[in-house]
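In: fold the following.
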Amino acid sequence: PEKLKRMYHRIILAMNICVLPYAVVDFVGTWAMPIGTPYRIGAAGNQGTCIAQGFVSIIVTIAVPYYYSSLSVFSCFAVRNSFKEENYRHIE
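Out: Next up is the predicted model:
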């Protein structure tokens, strides 16, 4: 697509791809925890669902701040170069 030729759109797309699984993990919440987990209301899963949710949560929790910071760095370069992408395309 035409929009993916711009660095900004690629950063936003990657960031949204990481935020989507985080939203799903956050929505599932305690459902993935093993049944009988003390002090957890709604625990309905097993050890496997808990591990899978924890893995996805850790990966996207680490990835999302990197994309936000890369968006900040991109914005800084864009402003300094008057939004002429050919002047800062080399940083990608």
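In: the strands in this protein, which residues?
Out: Here the chain has no strands by DSSP state E.
In: quick one: residues contacting the residue with the shortest distance to the centre of the chain.
Out: With distances taken as CA atoms, centre = their mean, residue 18 lies nearest the centre of the chain, 2.7 Å away. Contact partners of residue 18, counting by CB atoms under 8 Å, 6 or more residues apart in numbering, are 60, 63, 64, 67. Using the backbone N, CA and C atoms, a C-beta is placed for each residue, glycine as well.
In: kindly report the same for residue 34.
Out: By CB under 8 Å, 6+ apart, the residues touching residue 34 are 43, 45, 46, 47, 49, 50.
In: try 6 Å this time
Out: Applying CB atoms under 6 Å, 6 or more residues apart in numbering to residue 34 gives the contacts 46, 47, 50.
In: among the residues you listed, who's most crowded?
Out: Using other CB atoms under 10 Å as the neighbour test, the contacts of residue 34 are led by residue 50, with 17 neighbours.
In: now the longest helix along the chain: how far from the chain's centre is it?
Out: For the chain, the helix reaching the highest residue count under DSSP state H is reported as helix 47-80. Put simply, helix 47-80 sits 4 Å off its chain's centre (CA atoms, centre = their mean, to the nearest Å).
In: what average pLDDT does that helix get?
Out: Regarding helix 47-80, the rounded mean pLDDT is 90.
In: so which bits of it are buried?
Out: Neighbour-count burial for helix 47-80, counted by 16 or more other CB atoms under 10 Å, picks out 49-50, 53, 56-57, 60, 63-64, 67, 70-71, 74, 77-78.
In: and these, which is closest to residue 8?
Out: Of all those, residue 74 has the smallest distance to residue 8: 6.5 Å, by CB to CB.
In: quick one: furthest residue from the center of the protein?
Out: Largest separation from the mean C-alpha position in the chain: residue 36, at 30.5 Å (CA atoms, centre = their mean).
In: need the contact list for the residue nearest to residue 37 when sequence neighbours are not counted.
Out: Distances taken as CB to CB, 6 or more residues apart in numbering put residue 43 closest to residue 37, at 4.4 Å, once the chain neighbours are dropped. Under the criterion of CB under 6 Å, 6+ apart, the contact list for residue 43 reads 30, 33, 35, 37.
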